[in-house]
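[1] the following comprises the amino acid sequence and a computationally predicted model.
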Amino acid sequence: MGERMDLTIGEILERQKRLQELNHARWGGLSPDKGRSSLLWAIGEMCEAADVIKKEGDEAIMQDADTREHFAEELADALMYVGDVLLCYGIQADTFSEVYRNKCQRNRTRWEKDETLDETP
């Protein structure tokens with residue numbers, strides 16, 4: 001039986017934790033100070049993903065397998081650093097998942113009230 005292709009938040013954090021343990025001497029471990037740096041690295045990786053869009057274009061990402069993989073790899077790098085941030089600040093997968101779900105729910109309804117303000121009587 002093969003490995004599942006989709007990942008849960010818990011699996012992402014577990015994989016990041018193992019990577020951190022394997023590279024503790026090189027990377028310095030997990031701490032809030034490291035979390036701050038990891039957040040900055042995540043932003044840098046998102047900028048690298050944006051550079052793929054800028055340099056290669058949307059069509060290349062959609063049509064060219066190598067460009068699509070490069071783009072996805074930059075996003076994976078960013079997600080790995082976000083995982084490190086969560087670990088560094090002790091945010092568990094279930095807590096993050098709950099916050100994410102709540103945020104999605106708020107975003108579904110947050111502009112409904114604003115739309116009623118635009119209506120003229």
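    Thanks, I have it.

[2] what ranges do the helices span in the chain?
    Assigned by DSSP state H, the chain shows helices spanning 9-22, 24-27, 32-56, 58-63, 65-88, 93-109, 112-117.

[3] which of the ones you listed is buried the deepest?
    Stretch with highest mean neighbour count among the helices of the chain: helix 65-88 (a mean of 18; mean count of other CB atoms under 10 Å). Every C-beta, even on glycine, is put in place using the N, C-alpha and C of the backbone.

[4] run through who's touching that one.
    12-13, 15-17, 19-20, 30-32, 34-35, 38-39, 41-43, 45-46, 48-49, 52-53, 56, 60-62, 93, 96 (CB atoms under 8 Å, 6 or more residues apart in numbering).

[5] avg pLDDT for it?
    Model confidence over helix 65-88, given as mean pLDDT, is 98.

[6] what of stretch 16-26?
    Stretch 16-26 comes out at a mean pLDDT of 95.

[7] hmm, who's touching that stretch?
    For stretch 16-26, using CB under 8 Å, 6+ apart, the contacting residues are 27, 29-30, 80, 83-84, 87.

[8] find the nearest non-adjacent residue to residue 93, please.
    residue 10 (3.8 Å; CB to CB, 6 or more residues apart in numbering).

[9] model confidence at residue 121, what's the number?
    At residue 121, pLDDT is 50.

[10] likewise for residue 118?
    For residue 118, pLDDT reads 56.

[11] so how far is residue 42 from the spatially most central residue of the chain?
    By CA atoms, centre = their mean, the chain has its centre lying nearest to residue 79, at 3.5 Å. To residue 42, residue 79 is 8 Å away according to CB to CB, to the nearest Å.

[12] can you pull the residues that touch both of those two?
    Common contacts of residue 79 and residue 42 (CB under 8 Å, 6+ apart): none found.

[13] about what we covered before: for residue 103, see how far away the residue nearest to residue 93 is.
    Following CB to CB, the distance that separates residue 10 from residue 103 is 18 Å.
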